[in-house]
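Participant: pasting a predicted model and its sequence here:
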Amino acid sequence: MSPPIIQIEHLVKRYDSGTAALDDVSLEIREGEILALLGPNGAGKTTLISIICGLVRPSGGAVRVGGHDIQRDWRAARRMIGLVPQEIALDPFETVLSCVRFSRGLYGEPPDDPYLEQLLRSLALWDKRDARTRELSGGMKRRVLIAKALAHRPRVLFLDEPTAGVDVALRREMWLVVRDLRAQGVTIILTTHYLEEAEEMADRIGVINHGRLLLVQPKSELMGEFGKKHLTITLQEPLAELAPELSDRLVLAADGLSLGYDYDTRAERTGIAQLLAALNAQGIAVRDISTKESSLEDIFLSLVEGGQEGRA
Ligand SMILES: Nc1ncnc2c1ncn2[C@@H]1O[C@H](COP(=O)(O)OP(=O)(O)OP(=O)(O)O)[C@@H](O)[C@H]1O
């Protein structure tokens, strides 16, 4: 397993307004991974990113980036990070190349046009290097923001809702860009409201609610652990009621024509064979069977609504 590149310990943030935006968040982010942070509006995701990037002061706790404390050694910590903000904020009259050069200069890095050329080429922006940013499409503008964030060669890239409000084709294009960056060894932390995006891209998923990190888990484990399957059994004839020995496991639909059964995907025995045998024994004829796996969306909602506090 890779060593952590970001270490967050007992991070607390209380804004002057009194809002407790982060409440004792501890988390290690490993070099080279894609971590997706999920949480409803106001959960504390942007606050967490802003503290790591040195834009907001924490009220308590510590964060180290590449071993550098973000407060005592902020310059070294900040240099390792690139941030792609939620809002597109580009000077409309500046050209692509000059705005990327400018971003690099902000970090006090010496000019390195060969690197910037390689960066713009990898983001399919080299042909547009002399275009003013106002002449670019929405997708190109987002790629310029990524190029700006990567101009000083950071090892960690934060993407705050990278595909908010963009169409499906553009979202897929962004996913490819992010995968490509990961392949180059950049550690990526993204926030998103699109669970499909987290499901598609993340190695690990962190769920934040009310300033608390409810859990952080590899995506596959999360889907396996909380994943349930739902079996629908369609009947040949409507059933008036279920025998008592079946009613604790099955739910009869209002029209009497189907039965629902939830089971755990991790269980060694799903109980389906037994169930079908029991139906058969009672002379209940089955027309069809279908299964549906719970999506990350179902899992997320059950975590956030169920208040799984303290699992992190
Ligand atoms: N500058 C600020 N001053 C006071 N309160 C703030 C400030 N910034 C954020 N908050 C509050 O802190 C809480 C966390 O906000 P934050 O923006 O971190 O959430 P988020 O998870 O990023 O939300 P969203 O998904 O809507 O972007 C919210 O209650 C918000 O109103």
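Facilitator: Arrived safely. Residues are numbered from 1 along each chain as shown.

Participant: can you give me the helices for the stretch 51-200 of the chain?
Facilitator: Assigned by DSSP state H, counting those that start in this stretch, the stretch 51-200 of the chain shows helices spanning 74-79, 96-106, 113-122, 138-150, 168-183, 195-201.

Participant: just put the ones you listed in CSV and tack on mean neighbour count.
Facilitator: For glycine as for every other residue, the C-beta is placed from the backbone atoms N, C-alpha and C. As requested, the helices of the stretch 51-200 of the chain are exported to CSV (neighbours: other Cβ atoms under 10 Å):
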stretch, mean neighbour count
helix 74-79, 16
helix 96-106, 18
helix 113-122, 15
helix 138-150, 21
helix 168-183, 15
helix 195-201, 20
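
Participant: and residue 284, how far from residue 235?
Facilitator: Note on residue 284: its distance to residue 235, by Cβ to Cβ, to the nearest Å, is 6 Å.

Participant: over to residue 206?
Facilitator: As it turns out, when the distance is counted by Cβ to Cβ, residue 206 lies 43 Å from residue 235.

Participant: with neighbour numbers in mind, choose between those two.
Facilitator: Taking other Cβ atoms under 10 Å, residue 206 and residue 235 do not tie; residue 206 has more neighbours (25 against 19).

Participant: name the strands paired with the host helix or strand of that one and say parallel or antiparallel.
Facilitator: In this assignment (DSSP states H and E), residue 206 forms part of strand 204-209. Strand 204-209 has the following sheet partners, assigned by DSSP bridges: strand 34-38 (parallel), strand 212-218 (antiparallel).

Participant: so for the ligand, which of those sits nearest?
Facilitator: strand 34-38 (8.1 Å; Cβ to the nearest ligand atom).

Participant: send me that closest one as CSV with only the CA atoms.
Facilitator: What follows is the C-alpha trace of strand 34-38 in CSV, where atoms were taken according to Å, rounded to 0.1, in the frame of the first residue of the first chain:
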residue,chain,number,x,y,z
ILE,A,34,-8.5,8.7,-6.4
LEU,A,35,-10.6,9.6,-3.3
ALA,A,36,-14.2,10.8,-3.8
LEU,A,37,-15.8,12.8,-1.0
LEU,A,38,-19.5,12.5,-1.0
